[in-house]
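1. 3D model of this:
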Amino acid sequence: MEEEVHKVAFVATVFRHLEAFHLPFIKMLQKKGVEVHAISRKGNGKQALVDEQVKCHEIEFRRFPFHPANISALYHLIQNFKKEKYKLVHVHTPVGSILGRYAAKAAKIPKVIYTAHGFHFHEQGSTFNWLFYPIEWFFARWTDVLITINTEDAARASSFPVRKKAIFIPGVGVDTGKFGPVKKASVRKQKREELGIPESAFVILCVAEINKNKNQVQLLRAIRLLKTRYPQIKCLLVGEGNGERELKKYVKDMSLQAEVMHAGFRTDIDELLAAADLFCLTSKREGLPKAVMEAMSAGKPVIATKIRGCRDLITHGENGYLVPVNNHELTASYIAKLIENPSLLERMGESSLQLVRQFELSSILSDMEKVYVECLMDPLKEPE
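-> Sure thing, here's the model as predicted:
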């Protein structure tokens, strides 16, 4: 009798999410003999999954939960689940998780894992954000394992009526070896030359999707306050998104063209971190930002907004500073403090290297392997 091949599906609104955050877990399952499928809408990130022999299915999810196109997406998702007969479905992103769990219920999928990468409802959330609370509570009944990645979400999920359990795993992990300050000086010099940034510049790096939630404007307003006093300041914005046009207009209107460089989508984040002095993330909402963990792995201090997730990563005054959302004056004050105190900048970078160890990818992989094995009922075979 042939050995059963387990089929597992990863569902997210966009392939880019799966490529950026879940490839290590997909590879781990494949090494155990699991056939992995990915289901998302057409876009960036798919090719990287295809290259790893992941079977990809395109379904036109829309990121706005109540978009009518999601009705059609749900129908196609149910049909895919019935056809492929997955033993386990792992759902991600707000829309992907809701439609994925509904479809799993309709198609009678045996096991469902949901990783909440930051509930829409949160401490600083609007009334609209909190409309998602009853939705998440309801769909928890169709979830075998609910994984939260920050302490605030973990506390809220502990009362949800999940079928099996709600657990806390600190994020998707970071490969600290990739971002560690190896050959830092040579890479720093080479990357700055490539970007046309002088060695004397103080470089602030921000890696985030360009949209209102990521709130890059707070950082730009801070730089506007500092540019005359510190002419050496440079800001490198990495990312793409629906807010690019508006952000570029803001840079022009505020006469920040000399200080701000928009680098678009990049795959050389490790090298850009080597070229930077400081990392900033001024989001309004996060789950547990991997970009911050990568910056910490590169030995960089971090200035971030005092929000869920960032509070789990940044110890104020130790490896960086936490600032209120939209407080660009205080953001500028802390940037100035680090510009003027190179020894403090170095000490905070060293602290980042120590604090990031608890988020090491190998540890998270081990935690997730236990979850997958338990959900798949019988042990996965070891690699030959």
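
2. what is the least confident helix or strand in this structure?
-> Every helix and strand in the chain was compared by mean pLDDT, DSSP states H and E; the lowest is helix 127-130, with a mean of 77.

3. and it, what does it pack against?
-> Using 3 or more Cβ pairs under 8 Å, 6 or more residues apart in numbering; DSSP states H and E, no helix or strand is in contact with helix 127-130. Backbone N, C-alpha and C define where each C-beta goes, glycine included.

4. ok, and what's touching it?
-> Helix 127-130 has contacts (Cβ atoms under 8 Å, 6 or more residues apart in numbering) with 120-122, 285.

5. scan those and report the most crowded one.
-> Counting neighbours by other Cβ atoms under 10 Å, the top entry in the contacts of helix 127-130 is residue 122, with 23 neighbours.

6. next, the contact list for that residue, please.
-> 129, 152-153, 285, 307-308.

7. then residue 288?
-> Residue 288 neighbours (Cβ under 8 Å, 6+ apart): 117-118, 149-150, 170-172, 309, 312-313.

8. out of those, flag the one nearest to residue 236.
-> residue 313 (20.5 Å; Cβ to Cβ).

9. neighbours of that closest one, just the number please.
-> Residue 313, neighbours per other Cβ under 10 Å, totals 28.

10. I figured it hits residue 302, correct?
-> Yes. The pair residue 313 and residue 302 passes the contact test of Cβ atoms under 8 Å, sitting 7.3 Å apart.

11. next, residue 176: phi, psi?
-> Phi and psi for residue 176, reported as degrees, to the nearest 10, are phi -60, psi -30.

12. my read: it touches residue 363, true?
-> No. Counting by Cβ under 8 Å, residue 176 does not reach residue 363; the two are 10.5 Å apart.

13. mind checking which of those two has more residues around it?
-> Using other Cβ under 10 Å, the more surrounded residue of residue 176 and residue 363 is residue 176, with 19 against 14.

14. break this protein down into its domains, please.
-> 7-173+360-375, 176-358 (automatic domain parsing).

15. which helix or strand contains residue 199?
-> For residue 199, there is no helix or strand it lies in under DSSP states H and E.

16. same check, this time on residue 377
-> Going by DSSP H and E, residue 377 is not part of any helix or strand.

17. the contacts of residue 288 into JSON lines, with extra columns for secondary structure and distance to residue 206?
-> Formatted as JSON lines, the contacts of residue 288 follow (DSSP: H, G, I helix; E, B strand; the rest coil; distance: Cβ to Cβ, whole Å):
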{"residue": "117", "secondary structure": "coil", "distance to residue 206": "19"}
{"residue": "118", "secondary structure": "coil", "distance to residue 206": "18"}
{"residue": "149", "secondary structure": "coil", "distance to residue 206": "21"}
{"residue": "150", "secondary structure": "coil", "distance to residue 206": "20"}
{"residue": "170", "secondary structure": "coil", "distance to residue 206": "23"}
{"residue": "171", "secondary structure": "coil", "distance to residue 206": "19"}
{"residue": "172", "secondary structure": "coil", "distance to residue 206": "20"}
{"residue": "309", "secondary structure": "coil", "distance to residue 206": "16"}
{"residue": "312", "secondary structure": "helix", "distance to residue 206": "19"}
{"residue": "313", "secondary structure": "helix", "distance to residue 206": "15"}
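
18. about what we covered before: from the contacts of helix 127-130, pick the one nearest residue 291.
-> Within these, distances to residue 291 taken as Cβ to Cβ reach their minimum at residue 285, with 14.0 Å.

19. report pLDDT for that closest one.
-> pLDDT, residue 285: 93.

20. quick check: it vs residue 364, distance?
-> As judged by Cβ to Cβ, to the nearest Å, residue 285 and residue 364 stand 22 Å apart.

21. beyond the helix or strand containing residue 332, next helix or strand please.
-> Per DSSP H and E, residue 332 falls inside helix 328-340. Remark: after helix 328-340, the chain's next helix or strand is helix 342-355, criterion DSSP H and E.

22. just the CA trace of that next one, in CSV.
-> What follows is helix 342-355, C-alpha atoms only, in CSV (Å, rounded to 0.1, in the frame of the first residue of the first chain):
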residue,chain,number,x,y,z
PRO,A,342,27.7,57.8,18.6
SER,A,343,28.5,55.7,21.7
LEU,A,344,24.8,55.5,22.7
LEU,A,345,24.0,54.4,19.1
GLU,A,346,26.6,51.7,19.3
ARG,A,347,25.4,50.5,22.8
MET,A,348,21.8,50.3,21.7
GLY,A,349,22.8,48.4,18.6
GLU,A,350,24.6,45.8,20.8
SER,A,351,21.5,45.5,22.9
SER,A,352,19.4,44.8,19.8
LEU,A,353,21.7,41.9,19.0
GLN,A,354,21.1,40.5,22.5
LEU,A,355,17.4,41.0,22.6
